[in-house]
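Let me see the structure of the following:
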Amino acid sequence: MEWYYWVIVFFIIVGVYSHYTTKWRRERLMEKYGDSVLVEKLMSKSFWQGQTEGQLIDSIGKPRDIDQKVLKTKTKKVWKYNETGKNRYALKITLENGEVVGWDKK
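Below is the predicted model:
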């Protein structure tokens with residue numbers, strides 16, 4: 001076989017793999033949440049106010065770093081994503097008592 005046939009086969013395999021992993025992820029999220037609108041938001045890697053920690057992980061993944069403060073009435077966490085330098089992050093999401101309350105995106 002010529003080398004370009006192998007390239008074509010490679011891209012076909014990658015395409016099929018990508019399709020099925022997306023399908024499996026969508027099915028797993030539907031089993032977990034049972035809400036198609038929520039699943040579509042998570043599949044599009046969105047985040048919003050009121051989103052839970054678990055939904056945030058299912059949407060954009062685990063953070064690179066977490067800062068946490070425990071106060072008398074609430075727990076405040078800042079989840080950091082997309083490291084751009086030492087202790088510099090392009091996205092910081094603030095959670096209070098396990099729910100998203102805001103973010104800073106640079």
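
Go ahead and list the helix or strand containing residue 92.
According to DSSP states H and E, residue 92 maps onto strand 88-96.

That strand pairs with which strands, and in what direction?
strand 75-85 (antiparallel), strand 99-105 (antiparallel) (DSSP bridges).

who touches it?
Strand 88-96 has contacts (CB atoms under 8 Å, 6 or more residues apart in numbering) with 47, 53, 56, 63-65, 74-84, 100-106. No exception for glycine: its C-beta is placed from N, CA and C like everyone else's.

Now do the buried residues in that strand.
89, 91, 92, 93, 94, 95 (16 or more other CB atoms under 10 Å).

Residue 25 is nearest to which of the strands paired with strand 88-96?
Proximity to residue 25 (CB to CB) singles out strand 75-85 among the strands paired with strand 88-96, at 18.9 Å.

Who are the packing partners of the worst-scoring helix or strand of the chain on mean pLDDT?
Ranked by mean pLDDT, DSSP states H and E, the weakest helix or strand in the chain is helix 3-33, scoring a mean of 83. Under the contact definition 3 or more CB pairs under 8 Å, 6 or more residues apart in numbering; DSSP states H and E, helix 3-33 sits against helix 36-43, helix 53-60.

circling back to that earlier point, so how far is the strand holding residue 92 off the chain centroid?
From the chain centre to the centre of strand 88-96 is a distance of 13 Å (CA atoms, centre = their mean, to the nearest Å).

same check, this time on stretch 50-59
8 Å.

which outside residues touch it?
In contact with stretch 50-59 (CB under 8 Å, 6+ apart) are residues 29, 32-33, 38, 41-42, 45-47, 79, 93, 95, 98-100.

quick revisit: pLDDT and distance to residue 18 added to the buried residues of strand 88-96, as TSV?
TSV is the format used below for these (pLDDT from 0 to 100; distance: CB to CB, whole Å):
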residue	pLDDT	distance to residue 18
89	96	28
91	96	24
92	97	30
93	97	27
94	97	33
95	97	31
